[in-house]
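Undergrad: after the sequence you'll find the predicted model.
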Amino acid sequence: MTPNRLPLNLFAARIHHHHLVHMIADNHFTSFMQPIMDIVSQNIFAYEFLMRPAEGQPAFQPYELFQVAQQTGLHSFLDRSARISAIQVSAMHLKKGTKRFINFLPSSIYNPNYCLSHTFEAIEQYEQDPQDFVFEVVETEKISDVLHLKNIFNVYKEHGIQVALDDVGSGFSTLDVLEELKPHFVKIDRELVSHCDSNDKKQKLIADIVRSARSFGATVLAEGVERKEELDFCKTQQITLAQGYLIGKPAPLPLSNKPILI
């Protein structure tokens, strides 16, 4: 869309945020990988792909870039570009059979069959296995239309791709939403995991989430694990996967596939 055809508010926003708009338009970002560990074996099960500045580019906060994209009418473009970047980086660095968790914005996907076609084409272009990919709802996105998200999940599933619901236990991802969507992976909110080893209220909610996920065969992942005590509690709840700074920080290259904490 050329500037003279843009609505005035979008044109003004693009002028105001011209430096970030330039980064979005020219794809001046890449994907870092944060390891996800199998709690029992302590081996790497997967990586989550997180947006970071490309080499030589100024620093930015991913949430800020997406906020500006929303204000300037570029959020669908950025969301698609970020997914394709993650697929490309995963093809460069990961062996087939390693799961790759990639975020997406439901609000950017107005027609799942059309809007996700670029994602499916990228997976095919880089000769990747669709079964290695897990697409998850980005954590800042409020789930306001469960039916729309369910339709998106169904399109991913039809292409052999798994889906995840992020931040379960927070205000946006409730147990009712969880049971309606029935994702393959359930990611427990990091605020709920933090100091869960010493908080009875958090422990009860975590147990409820695990029980609900098991009822439809989902795998549970604890996010934001930063202390061994938190990991130990997750293990008592038979939570399968863990992610957080105790396991590993986001990095441009993957870790070697060996037990992480031993």
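TA: All right, it came through fine.
Undergrad: below-threshold pLDDT in the stretch 101-250 of the chain: ranges please.
TA: Regions of the stretch 101-250 of the chain meeting the criterion pLDDT under 70 cover residues 139-142, 171-173.
Undergrad: all helices for it, in order.
TA: Secondary structure of the stretch 101-250 of the chain (DSSP state H, counting those that start in this stretch): helices at 112-115, 117-125, 146-158, 175-181, 190-193, 200-215, 228-236.
Undergrad: which stretch among those comes nearest Pro35?
TA: helix 228-236 (13.5 Å; CB to CB). Any C-beta I mention is one placed from the backbone N, CA and C, and that applies to glycine too.
Undergrad: tilt between the closest one and helix 200-215?
TA: On the basis of axes from the mean of the first three to the mean of the last three CA atoms, to 10 degrees, helix 228-236 is oriented at 40 degrees to helix 200-215.
Undergrad: and helix 228-236, what does it pack onto?
TA: If contacts are counted by 3 or more CB pairs under 8 Å, 6 or more residues apart in numbering; DSSP states H and E, helix 228-236 sits against strand 219-222.
Undergrad: out of the helices of the stretch 101-250 of the chain, nearest to Gly97?
TA: Per CB to CB, nearest to Gly97 of the helices of the stretch 101-250 of the chain: helix 117-125, 14.7 Å.
Undergrad: could you pull out the strands for the stretch 1-150 of the chain?
TA: Using DSSP state E, counting those that start in this stretch, the strands of the stretch 1-150 of the chain run over 29-38, 44-53, 99-104, 133-137.
Undergrad: for these, give me TSV that also has mean neighbour count.
TA: Output for those, formatted as TSV (neighbours: other CB atoms under 10 Å):
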stretch	mean neighbour count
strand 29-38	22
strand 44-53	22
strand 99-104	23
strand 133-137	24
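Undergrad: make JSON lines out of the ones you listed and add distance to Gln61.
TA: Formatted as JSON lines, the strands of the stretch 1-150 of the chain follow (distance: least, CB to CB, whole Å):
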{"stretch": "strand 29-38", "distance to Gln61": "12"}
{"stretch": "strand 44-53", "distance to Gln61": "10"}
{"stretch": "strand 99-104", "distance to Gln61": "15"}
{"stretch": "strand 133-137", "distance to Gln61": "19"}
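Undergrad: ok, now which ones touch the closest residue to Tyr110 other than its chain neighbours?
TA: Counting by CB to CB, 6 or more residues apart in numbering, Tyr110 lies nearest to Ser76, which is 7.8 Å off, once chain neighbours are set aside. Contact analysis of Ser76 by CB atoms under 8 Å, 6 or more residues apart in numbering lists 108-110, 115.
Undergrad: OK, contacts around the residue nearest the centre of the chain?
TA: The centre of the chain sits closest to Asn103, judged by CA atoms, centre = their mean, with a distance of 3.2 Å. Residues near Asn103 by CB under 8 Å, 6+ apart: 48-50, 82, 135-139, 166.
Undergrad: just these now: which is nearest Leu149?
TA: Using CB to CB, Val137 is the member of those that lies nearest Leu149, at 6.9 Å.
Undergrad: count of neighbours near the residue lying closest to Asn154 once chain neighbours are set aside?
TA: Nearest non-adjacent residue to Asn154, counting by CB to CB, 6+ apart: Pro112, 7.8 Å away. By other CB atoms under 10 Å, the residues close to Pro112 number 18.
Undergrad: distance to Gly244 added to the contacts of Asn103, as TSV?
TA: As requested, the contacts of Asn103 are arranged in TSV below (distance: CB to CB, whole Å):
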residue	distance to Gly244
Glu48	11
Phe49	16
Leu50	13
Ala82	22
Phe135	21
Glu136	16
Val137	19
Val138	18
Glu139	14
Asp166	14
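Undergrad: out of the residues you listed, flag the one nearest to Phe11.
TA: The closest of those, once distances to Phe11 are taken by CB to CB, is Ala82, at 23.8 Å.
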